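In: Sequence and predicted structure are below.
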Amino acid sequence: MKIVVLVKQVPDTWGDRRLDTSTGWLDRGASDAIIDEIGERAIEIALRAKDADKSTEVVVVTMGPASAADVLKKGLAMGADSGVHVVDRALAGADLGWTATVLAAAIGTGWDLVVTGNESTDGRGGVLAAMLAERLGVPHLTSLDAVDISADRVSGVRATEYGTIDAHAALPAVISVTERSAEPRFPGFKGILAAKKKPVTTVGITDLGVAAPAARSVVVSAAERPARQAGRLVTDDGTAAQQLVDYLAAERLI
């Protein structure tokens, strides 16, 4: 079995996250760049399948600038077998549709399962897995809290507002997992050393045979979040309830 895992380099959520107001793009220099934690959980799902069947091949794939190679190193240190890095200046500012198209080309054929996180901490689109499955022409299961992988199908549990759903799909398929799915393992010293010898293929859109799109969604304008205003203090002089109601009505909150 061959499992492809999508990972992403994102700004550290403990640091400052800013948009470049001149482009509307993420300012990647505003904080440290790290592997998205949901991506680590996706890797763990694949590695558990590899633990159960040593013949399983795990390939980590990322799309991003040259620095994104670091997230592949983390996946390889955890236990993945190889990596693919899609890097091209033409991908700067790519939207979800363009991203799904390029990643589908990078994934190619000959795989059994694609695993990704349900949403990244920087974009939070939450639709990449479904868009990717459409382009690859396979079924998808999204936002799984638990995953079971067998030789010919994948199944899992998906939470809903009414309870849970047990879902399954025949392979090949695309799945996305949530932060409840699996606690990622910590790379050991042996794994870190082994990662240095594992192959990583770097490709651009020309290598993938993908032409730059004629049109895609763009950011028209961006502005910094306005400074937070001081709240209104209500002194209870016997009319506090009415003042509160009047305020909520004026703000159209009731």
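Out: Ah, there it is.
In: Report the mean per-residue pLDDT for the helix ranked longest in the chain.
Out: In the chain, assigned by DSSP state H, the helix with the most residues is helix 37-52. For helix 37-52, mean pLDDT is 97.
In: next one: that helix to chain centre, how far?
Out: The chain centre lies 14 Å from the centre of helix 37-52; the measure is C-alpha atoms, centre = their mean, to the nearest Å.
In: and residue 142, what is it in contact with?
Out: Applying C-beta atoms under 8 Å, 6 or more residues apart in numbering, we find residue 142 in contact with 118, 129, 130, 158, 175, 176. Yep, even glycine has a C-beta here, placed from its N, CA and C like the rest.
In: likewise residue 72?
Out: 7, 60, 62, 83, 84, 85, 200.
In: can those go into CSV with extra columns for neighbour count, distance to residue 13 and secondary structure?
Out: Putting the contacts of residue 72 into CSV (neighbours: other C-beta atoms under 10 Å; distance: C-beta to C-beta, whole Å; DSSP: H, G, I helix; E, B strand; the rest coil) gives the following:
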residue, neighbour count, distance to residue 13, secondary structure
7, 28, 16, coil
60, 30, 21, strand
62, 26, 18, strand
83, 25, 24, strand
84, 21, 26, strand
85, 21, 23, strand
200, 15, 26, strand
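In: which among those gets closest to residue 251?
Out: Of all these, residue 7 has the smallest distance to residue 251: 42.4 Å, by C-beta to C-beta.
In: can you tell me which residues contact that closest one?
Out: The neighbourhood of residue 7, defined by C-beta under 8 Å, 6+ apart, consists of 35-36, 39-40, 42-43, 60-62, 71-72, 74-75.
In: Could you rerun that using 6 Å?
Out: Contact partners of residue 7, counting by C-beta atoms under 6 Å, 6 or more residues apart in numbering, are 35, 39, 60, 62, 71, 75.
In: partners of the fourth one in the sheet?
Out: Looking back up the chat, that one is residue 62. Residue 62 has these beta-bridge partners by DSSP bridges: residue 85.
In: what sits against it?
Out: Contacts of residue 62 by C-beta under 6 Å, 6+ apart are 7, 68, 71, 72, 85.
In: What is the nearest of these to residue 217?
Out: residue 68 (21.8 Å).
In: With only the CA atoms kept, save the longest strand anywhere in the chain in PDB.
Out: Secondary structure of the chain read by DSSP state E shows that its longest strand is strand 140-149. C-alpha atoms of strand 140-149 as PDB (Å, rounded to 0.1, in the frame of the first residue of the first chain):
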ATOM      1  CA  HIS A 140     -13.400  11.200   0.100                       C
ATOM      2  CA  LEU A 141     -14.100  11.100   3.800                       C
ATOM      3  CA  THR A 142     -13.600  14.400   5.700                       C
ATOM      4  CA  SER A 143     -13.000  15.500   9.300                       C
ATOM      5  CA  LEU A 144     -12.500  12.000  10.700                       C
ATOM      6  CA  ASP A 145     -11.900  11.700  14.400                       C
ATOM      7  CA  ALA A 146     -10.800   8.100  14.100                       C
ATOM      8  CA  VAL A 147      -9.500   6.100  11.100                       C
ATOM      9  CA  ASP A 148      -9.200   2.500  10.200                       C
ATOM     10  CA  ILE A 149      -7.300   1.400   7.100                       C
END
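In: Give the pairing partners of the next helix or strand after that strand; include direction for each.
Out: The helix or strand immediately downstream of strand 140-149 is strand 153-160, counting by DSSP states H and E. In the sheet, strand 153-160 lines up against strand 140-149 (antiparallel), strand 163-170 (antiparallel) (DSSP bridges).
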